[in-house]
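S.K.: Fold the following.
(chains A and B)
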Amino acid sequence: MSRSFQLILLTALSCVGAIAEEQNFSKIEAFLESHCFECHDDDVSKGGLNLYDLDPESISGMEEVDRWTHIFDRVKNGEMPPEKKRKNLSTGKVASFLLALTPSLDQADKKLREVVQRRLNRIEYEHTMQDLLGIDIELKHLLPPDQKAGGFDNNGAALAISSELIESYLKAAGVALDAALMDGPRPETKTIVNDLIEEPKPYFGKQYEHFDGFVFAYLTDKQSYSKISTRRTRLTEPGRYRFRFSAVARNTDKKEVFSVMKSGPKTADEILGYFEVGTQPGTFEIETLIEANESIQFFALGLTKWAKAPEADGFPAVGFGEVTITGPLAEQWPPPSRLGIIGNVDLSTLSDEQAKPILQNLATGAFRRPVTDTELSRYVALFEEQKKSGLSAEKSLRTAMEAILCSTHCICLNETAGGDRISDYELASRLSYFLWSSRPDQRLLDLAGSGTLSDPGKIDLELERLLNDSKSERFVKHFTGQWLGLRAIKETSPDSNLYRHFDELLETAMVDEGEFFFRKLLHDDLPVSNFLDSDFIIANERLAQHYGIPGVSGLAMRPVTLALDSVRGGLLTQAGILKVTANGTNTSPVIRGVWVLENILGHHLPPPPPNIAGIEPDIREATTVREQLDLHRNSESCNSCHQYIDPPGFALESFDPIGGFRENYLQFIPTPGKSWGKVIQAKEVDASGELSTGEAFQDIREFKALLLKDEERFIRCLTDRLITYGLGRELGFSDRSAVNDIVEQAQSNGAGLKTLLKLIVGSELFKTP
Amino acid sequence: MIKRRHFLRGAGVSLALPALELFAETEPKSPKRIVCINMPLGFYPPNFFPTTAGRSYELSPYLKPVEDLKDNFTVISGTSHPEVDGGHDAEASFLTAAPHPASRGFKNTVSLDQYIAGKIGDQTRHASLTVGRERISWTATGVEVPGESRPDHLFAKLFLNGSETEISQQKQRLQSGHSILDVVKAEANSVAKRASQLDREKLDQYFTAVRETENRLTKSQKWLSTPKPTIDEPAPKGAPRSDIKNWLREHFQVIRLALQTDSTRVVAMAGAGHSQVPPLPGVSMGYHALTHHGMNPDMITQLEIIEREMIFEWAGFIRALKETPDGEGTLLDATQIMMGSNLGSASGHITKDLPVLLAGGNWKHGQHLKFEGEENYPFAKLFVSMMQEMGLEEETFASGKGTMAGLV
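M.R.: Residues are numbered from 1 along each chain as shown, chains lettered A, B, ... in the order given. Presented below is the predicted three-dimensional model:
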């Protein structure tokens, strides 16, 4: 073929492309002209949309892409044009409009979909430093809080950088290295015994007792202060300590639960664990980092709140025996973290030759890939310069190490290999930050180094391995914490007049249920439709009691098979989710409805129009929130969103603000002039509704059955959530076909949760910058 | 005398001459300060808002007990930030006015305090103080500036000097800080060469941040040799946040001392919005739960107890500023205190009709400035007024285009 002929052919081909484009635009134009401009022009601009402002030939920027995507979806779903304007509209016309819009929208969207320079959030930073340096101190409180985008706080676009942050990195790097390089003489480990008697002693024979070396507590109160504690033993040396104690229950035939909390004058309280013990004494051991003057406190849980003579009246109690405190622990000295970073080098006589490999080793670990000579030379130069300025070799080394830990290669997931594939090292980091919220381990880095990580099958095996590691708990915790909103569990405190039985143990079990349920589906690769409805739940005694399910005893969470007619099963009836979508006193169908749309159905709504009066709950009125909403939906503009929002919210009205099942609303009637009152059953709950499709339901069970009919919609939503979290970026129009592929493959492979994860990490999306 | 801000409003942005030269003779002797306070759960509206407007307005139930201060503050009603919704999430936008704080792609913008600190912060040891809970102060890139929520810790940061060893260690750390930043900057430069467009925007953010950090380190180095002011009042004990009354009182004490010693001129404070039960007689339920009273009279009674105490502590703060001489006037004359809430009514998470009190500064107080009309008046116009009163030549702030009408 001659060159000139080639040229002619090329020109002709690009002309064909241009013509096709031209045809698309005129199709779009014609559709808008005949079906949309009437309401969305300069004059009317219904719903704030003026289509004259939007040019399909040059879609650019997030705002325009969002607008066009919204237009695409509303037309596709048949929501626009509205019913009364659809006379001359055939399905073919709609399809051809959508087809015509797709290429330009896809192209515009693609430009925005890139994992931007994503810095570690403070949780990831802490785990990374801990795993890199072999330390276990907390660091995240040294960094400013992170913001979210797309529902997650690991989103590259939302993780902004400021001087606040850079200053914090400088500080945190210093603190981390202090902890890792601990030197000096081996700390003297001491053992002290505390009999716990001193403080409760005046109350023996009343609310406390002392039998056989155990101090017994009969009451459970909500305070963060317990008289049974080790605070009389002053631990002035910070470090790792072991607390050994025995405990026993009395006046009971079941196991009683207690918690142990770490507290100090300068630090926030931290629950170290929940334990259970029966009338047979048990021995317990806790190892934890102690700051100066911290102590541990014991709280008996689930006991009575008040009794005058509890022992005489046979109330159950939990007793605590003497506590043996050992620490600061220093089994290995110098500590392994120090050896791991500098080996046996004597820093007081550190030479330049010794410094270089130390810095190289640290930088390789911190950057999660081999360092180049140029990169390394910067840190070596910094070390030498600091020495020249008169600092000791040790301090100079410290400065160079801090610089490594503040480098963009350390604090950002740099993906700069170029091209349309990320490198294997970058892939290793993606995988480990997805599943471990931390750096890749040596094996992952080795696989990346040998260039085999992206081999088919290999990444599946690695996924399996990473999930079997306890570090994958972080994925379960942070993903469910944000997807399901469980991080907000403590943000509201239930009305103590109406929900007297609510306690800390129940609150803890609520979060555990969400996490354990997710983990169960993940590990057993169970179908994700279980999230919509399941024939089992995960519960312990306290939670089962809350749900009115008999036969579950003890603190441990375990699968419990549900009765056929149970309202429970799936996510929507989990108490934790029902609590975070309520305010402690009332429930709002709007808030819960929006929650279901966003997190279960993947239906994103525009914010309500400005200057809309919100609904204020008023228990005195005869109207329920539901009746107020009925009025609301008579307005066309309100109804355009509330037809979707309200029905799922109505279905969940059967659950009170702490997730208990209810047939009537509760109301507290105070006794005049007193601080008490009574709780009465008020109006009956109506949990029925009708979806926008016209399908009606009577209660939550029927609502869940309707959800299951469109299971694919949920799978797509969950896939979107998982990828958004895994990549650290929001998905857009141009990602839809990739997501659809994953959903389709998942469905034809049983739609197990682990299968879905495998498809995600094996997908092209996961390997694209 | 023409008031400075009036002149500025007329002159618009064309005013190019340095303000100091022009107005040297009218420039007040004591520096201007600003305190912005957000009480994230607001105030029960019927008790907060006066029913009559204007200068001869009648004080509302909550304001009645602070009648002695009537000429020292202005009640502002009928304002809110346009397009700021999202219930409790609106607290992030209280000082930024950034729209739709609860939306998925929300990115915050600079808050009023940080903006002002960027202009005048170099004149004091601390460019600004962020006090209290979270989500009040934001940098220009939308990073949250963390707040100090313990009054005793804040006191220590402002007024307790480190030991000599600590200071010399600090000195060395600041010096190596500079060297570290040089290296990471050089490295980021080499990354930038290979970066994509989107990545480059992020890297620009990074370079700006590094540059600012260098300035901050330099400033810290300068202040290191200046001892912190000595205070002859007892340090606060460190009331926990649940003890809302004492927590506010202690914070207000430290803020007053910080202003008085000119340790800072800009303070943003996020008040308590917790769910614990405050240790106040007659209160048995959590504060947050009480705001969702659903018109239950018993709950409203309890809520009133808490909210009255909050107003009481605010009034104590205003009085203390009024009693503190500063230059030729009082500290109150030199300090504008704006207290408001991101919620007009917490019971329904309503973000319209925000309760706002403006005290201090060079304003003719003693009125209830009530904005009527179907749409709320843009709240951020108050921010512009306040900035102009501080002598800053600003015409807009976010959705606030121009100054607030009726404020003189």
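S.K.: From the rest of the structure, what touches stretch A:431-451?
M.R.: Residues from elsewhere that reach stretch A:431-451, judged by C-beta atoms under 8 Å, 6 or more residues apart in numbering or on different chains: A:120, A:123-124, A:127-128, A:130-132, A:154, A:365, A:368-370, A:413, A:423-425, A:427-429, A:453, A:458-459, A:462-463, A:465-467, A:469, A:471-472, A:474-475, A:478, A:725-726, A:728, A:761. Where you see a C-beta, it was placed from the backbone N, CA and C, and this is true even at glycine.
S.K.: May I see the buried residues of that stretch?
M.R.: Buried residues in stretch A:431-451, counted by 16 or more other C-beta atoms under 10 Å in any protein chain shown: A:431-441, A:444-445, A:447-448.
S.K.: Inside helices: which ones of the residues you listed?
M.R.: The helices, defined by DSSP state H, take in A:431-435, A:444-445, A:447-448 from those.
S.K.: what about the stretch 551-700 of chain A, any weak spots by pLDDT?
M.R.: A:609-623, A:673, A:675 (pLDDT under 70).
S.K.: quick one, strands of it?
M.R.: A:558-561, A:664-670, A:677-684, A:689-690, A:696-697 (DSSP state E, counting those that start in this stretch).
S.K.: buried set for the longest strand seen in chain A?
M.R.: Using DSSP state E to define each element, chain A has its longest strand at strand A:239-250. Residues of strand A:239-250 classed as buried: A:239-250 (neighbour count, 16+ other C-beta under 10 Å).
S.K.: Of those, just say which sits nearest to chain B.
M.R.: Of all the buried residues of strand A:239-250, chain B sits closest to A:G239, with 21.5 Å by C-beta to the nearest C-beta.
S.K.: count of neighbours near the closest residue to the closest one other than its chain neighbours?
M.R.: In space, and not counting its chain neighbours, A:G239 is closest to A:P328: 2.6 Å by C-beta to C-beta, 6 or more residues apart in numbering or on different chains. The tally of other residues near A:P328 (other C-beta atoms under 10 Å in any protein chain shown) stands at 18.
S.K.: re the thing from before, can you check which of the strands of the stretch 551-700 of chain A gets nearest to chain B?
M.R.: strand A:664-670 (3.9 Å).
S.K.: And chain B, is the closest one touching that?
M.R.: Yes: Strand A:664-670 is in contact with chain B by C-beta under 8 Å from any C-beta of the partner chain, via A:668, A:670.
S.K.: Contacts for that strand next, please.
M.R.: Here strand A:664-670 has contacts from A:495, A:497-498, A:619, A:624, A:656, A:676-685, B:296-298, using C-beta under 8 Å, 6+ apart.
S.K.: if we go to 6 Å?
M.R.: Applying C-beta atoms under 6 Å, 6 or more residues apart in numbering or on different chains, the external contacts of strand A:664-670 come out as A:497-498, A:677-684, B:298.
S.K.: For that strand, buried residues please.
M.R.: A:665-668, A:670.
S.K.: Need the CA coordinates for it. PDB is fine.
M.R.: Output of strand A:664-670 as PDB, limited to C-alpha atoms (Å, rounded to 0.1, in the frame of the first residue of the first chain):
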ATOM      1  CA  ASN A 664     -46.900   0.600  68.800                       C
ATOM      2  CA  TYR A 665     -44.900   3.700  69.300                       C
ATOM      3  CA  LEU A 666     -43.900   4.400  72.900                       C
ATOM      4  CA  GLN A 667     -44.500   7.500  74.800                       C
ATOM      5  CA  PHE A 668     -43.100   8.700  78.100                       C
ATOM      6  CA  ILE A 669     -45.600  10.400  80.400                       C
ATOM      7  CA  PRO A 670     -43.800  12.200  83.200                       C
END
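S.K.: quick one: the helices in the stretch 51-200 of chain B?
M.R.: B:112-120, B:151-159, B:164-194, B:197-224 (DSSP state H, counting those that start in this stretch).
S.K.: In contact with residue 151, which residues?
M.R.: No chain in the question, so chain A it is. A:Q482.
S.K.: Let me rephrase: I mean chain B.
M.R.: B:P151 makes contacts with B:236, B:250-251, B:254, as judged by C-beta under 6 Å, 6+ apart.
S.K.: filter those by proximity to chain A?
M.R.: Residues of those in contact with chain A (C-beta under 6 Å from any C-beta of the partner chain): none.
S.K.: Thought A:E285 was touching A:R244, still the case?
M.R.: Yes: here A:R244 reaches A:E285: they are 5.0 Å apart, a contact under C-beta atoms under 6 Å.
S.K.: What sits closest to A:P589 if chain neighbours are left out?
M.R.: Nearest-residue entry for A:P589: A:G649, 2.7 Å, with adjacent residues in sequence omitted and distances by C-beta to C-beta, 6+ apart.
S.K.: so how many other residues sit close to residue 112?
M.R.: Since no chain was named, I'll use chain A. 19.
S.K.: Sorry, I should have been clearer: chain B.
M.R.: 28.
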